[in-house]
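A.B. asks: I would like the atomic coordinates for the input below:
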Amino acid sequence: MTWTKTTNLKFCLLNAENLFLMFEGTPQKEAVNLSESQWQRLSVSVYENKPLKKCHEIAKALKEINADIIMLCEVGGFESLNNFNHLFMDDAYSPCLIEGNSERNIDVGFLIRKNMDFYFDLQSNKNRPINYLYPHERQSLLNGYPIKGGKVTSSHKFSRDVAELRLFTTDREKPFLTILLAHLKSRLDPDRIDPNGFERRQAELRTLIEIYQELEAVHPDLPIMVAGDFNGQAGVHHTDEEFRDLYSLTQLSDVLEVSQLPPEARATFYQVRNGGKADGRQIDFAFLNPNLQKLVKAGATKVYRYKDEMGMERDVPRNMEAKLHLPSDHYPLVFEIENLKVP
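C.D. replies: The predicted structure follows:
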């Protein structure tokens, strides 16, 4: 009988909401004990450092979750991720990030627990065209006019990136798990050229599927995860129009669906409405291909709820003040994979 080595891995996905931590040089660990005003004066960026109290609270949540691989959105570059790991996570992880296309300088990245029995490699898809132009740009090209900025282009690129993380033991071209981490176009449309960002987000989703399908074609037996902040209802129930290709073109399934979490336990983001109403929606997803779906550990999947000073779960935010007091406006998604074959 051939003995096959396997491993168990715990994952956490979180949009950390503007995780900027920029200092002159390597910050001293004593900085975490400063007042908020002193903390902010340490910043050397045009962006404010994330509030100190919120950094402590995110770190507290992540330490409690104790994931092997943390997938993060809205990180202010590699320096911010490295500083967060150094100041708040006891240097227990290896930061892994390639800066993408974001106009707000918010990137996707990973924290990977040190001393794991595998290696990792990160690649970017930030330069990949998404086969999309805005309506006014399409009209300009149709009439032979230059588009805004005087540049004629055939396509935009991802508004952030799709970061491709490969886990391997000896050959990086033969991974035992690949993760595609994305942060799709938001619903903001300040220039009023794409209502709710629908067309751009749909184009990014379709290109993300293309990347996934290319991986699947090369590695048909490979467990693959497609995760991130999708900025919309991408789940199998009440699916927003721009995400329907997920179900017509792939066999990917949301880990919360695989784990059969009840709908009321799936919200990763709350929109505060007038009258104290909180509209909970799942907009953060970890989609698994069939090779990975069967490895989800039963009973280990959840959306983590932030806790107060007494260790009790905080209530759902029902006004903007309560929401602004949360460590992030998103909640961590947590799950475990077991018996993953490792070459």
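
A.B. asks: how far away is residue 61 from residue 276?
C.D. replies: The gap separating residue 61 from residue 276 is 25 Å, by Cβ to Cβ, to the nearest Å. In short, each C-beta sits where N, CA and C put it, glycine included.

A.B. asks: Which one of these two is surrounded by more residues?
C.D. replies: The neighbour count for residue 61 versus residue 276, taken as other Cβ atoms under 10 Å, is higher for residue 61 (20 against 10).

A.B. asks: which stretches of the protein form strands?
C.D. replies: For the chain, the strands defined by DSSP state E cover 6-19, 69-75, 93-97, 107-113, 119-123, 162-168, 177-183, 224-229, 253-254, 269-273, 277-281, 284-288, 302-303, 333-341.

A.B. asks: residues touching residue 52, list them.
C.D. replies: Residues in contact with residue 52 (Cβ atoms under 8 Å, 6 or more residues apart in numbering) are 32, 34, 36, 39.

A.B. asks: just the buried members of those?
C.D. replies: Buried by 16 or more other Cβ atoms under 10 Å: residue 39, out of the contacts of residue 52.

A.B. asks: mind giving me CSV with the contacts of residue 52 and columns for pLDDT and distance to residue 257?
C.D. replies: As requested, the contacts of residue 52 are exported to CSV (pLDDT from 0 to 100; distance: Cβ to Cβ, whole Å):
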residue, pLDDT, distance to residue 257
32, 96, 38
34, 96, 44
36, 96, 40
39, 96, 40
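
A.B. asks: Out of the contacts of residue 52, which comes closest to residue 298?
C.D. replies: Closest approach between the contacts of residue 52 and residue 298, by Cβ to Cβ: residue 32, at 37.5 Å.

A.B. asks: picking that back up, which one of the strands of the chain lies closest to residue 205?
C.D. replies: Taking the strands of the chain one by one with Cβ to Cβ, strand 177-183 is closest: 8.6 Å.

A.B. asks: Now do that closest one: which elements does it pack against?
C.D. replies: When contacts are defined as 3 or more Cβ pairs under 8 Å, 6 or more residues apart in numbering; DSSP states H and E, strand 177-183 packs onto strand 69-75, strand 107-113, strand 162-168, helix 198-218, strand 224-229.

A.B. asks: For the fourth one, buried residues please.
C.D. replies: With burial defined by 16+ other Cβ under 10 Å, the residues of helix 198-218 counted as buried are 198-209, 211-212, 215-216.

A.B. asks: The nearest residue to residue 78 once chain neighbours are set aside pairs with what?
C.D. replies: Excluding the flanking residues, the one nearest residue 78 by Cβ to Cβ, 6 or more residues apart in numbering is residue 97, at 4.6 Å. Listed beta-bridge partners, residue 97: residue 109 (assigned using DSSP bridges).

A.B. asks: Report how many residues lie close to residue 97.
C.D. replies: Neighbours of residue 97 (other Cβ under 10 Å): 24.

A.B. asks: Touching, residue 125 and residue 164? I think so.
C.D. replies: Yes: assessed by Cβ atoms under 8 Å, residue 125 is found in contact with residue 164 at 6.5 Å.

A.B. asks: Overlap of the contact sets of the two?
C.D. replies: Counting by Cβ under 8 Å, 6+ apart, the shared contacts of residue 125 and residue 164 are residue 211.
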